[in-house]
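J.: Sequence first, predicted coordinates after that:
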Amino acid sequence: MSGRVRTRIDRGTGEIVAYSDAAVRNNMAVIEYCRTSMAALSGATAGMLGLTGLYGFLFFFLAGLVLWVMLLLKAGSKWQQYFVSRKSLLTSGLFSGLFTYILCWTFLYGMVHVY
């Protein structure tokens with residue numbers, strides 16, 4: 001994986017930090033895959049549980065928060081080696097998984113509770 005090495009200044013210490021742009025892009029692609037899988041699985045779960053309305057949407061955001069915590073625990077205390085910021089890890093691509101969530105949620109809700 002070759003790519004340009006970029007630098008940024010760490011706000012806390014003022015040090016210059018070098019990181020590989022290609023590696024960060026790859027890590028974010030893996031995060032996007034995890035987020036899409038989480039959206040499909042949590043949508044299916046919400047549909048089978050019969051969640052409707054705001055409870056269904058709250059379940060999506062709760063599942064996203066749980067995924068964020070699990071990713072931070074997996075990265076450990078040296079999360080700076082893998083990601084540029086924790087905030088972008090939480091917010092990037094959150095709403096792109098919402099459509100997958102709604103698709104699985106309504107499909108499973110219809111299959112289990114309507115038919």
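T.: Received the coordinates, thanks.
J.: how many other residues sit next to Glu15?
T.: 9 (other C-beta atoms under 10 Å). All C-beta atoms are positioned from the backbone trio N, CA, C, and that covers glycine.
J.: can you pull the pLDDT of it?
T.: For Glu15, the pLDDT comes out at 71.
J.: same check, this time on Ala18
T.: Reading off the model, Ala18 has pLDDT 63.
J.: what's the answer for Gly93, then?
T.: Note on Gly93: pLDDT of 77.
J.: Quick check: it vs Leu49, distance?
T.: 24 Å (C-beta to C-beta, to the nearest Å).
J.: Repeat that for Asn26.
T.: From Asn26 to Leu49 the distance is 35 Å (C-beta to C-beta).
J.: So between Gly93 and Leu49, which is more surrounded?
T.: Gly93 (19 against 16).
J.: Quick check: that one touching Tyr33?
T.: No. With contacts defined as C-beta atoms under 8 Å, Gly93 does not count as touching Tyr33, sitting 10.0 Å away.
J.: Locate the most centrally placed residue in the chain within the secondary structure: which element?
T.: Residue closest to the mean C-alpha point of the chain, counted by C-alpha atoms, centre = their mean, is Arg35 at 4.0 Å. Assessed by DSSP states H and E, Arg35 sits inside helix 21-49.
J.: Go through that helix and flag the buried ones.
T.: Using 16 or more other C-beta atoms under 10 Å as the test for burial, helix 21-49 gives 24, 27-28, 31, 34-36, 38-40, 42-44, 46-47, 49.
J.: I'd like to know which of these is nearest to Gly56.
T.: Ala46 (5.0 Å; C-beta to C-beta).
J.: quick one, strands of the protein?
T.: 5-9, 16-20 (DSSP state E).
J.: hmm, back to that, give me the common contacts of Gly93 and Tyr33.
T.: In terms of C-beta atoms under 8 Å, 6 or more residues apart in numbering, Gly93 and Tyr33 are not both contacted by any residue.
J.: quick one: low-confidence parts of the protein?
T.: Along the chain, the parts satisfying pLDDT under 70 run over 1-3, 5-11, 16-19.
J.: now do 80
T.: Low-confidence segments of the chain (pLDDT under 80): 1-21, 23-24, 78-86, 88-89, 92-94, 115.
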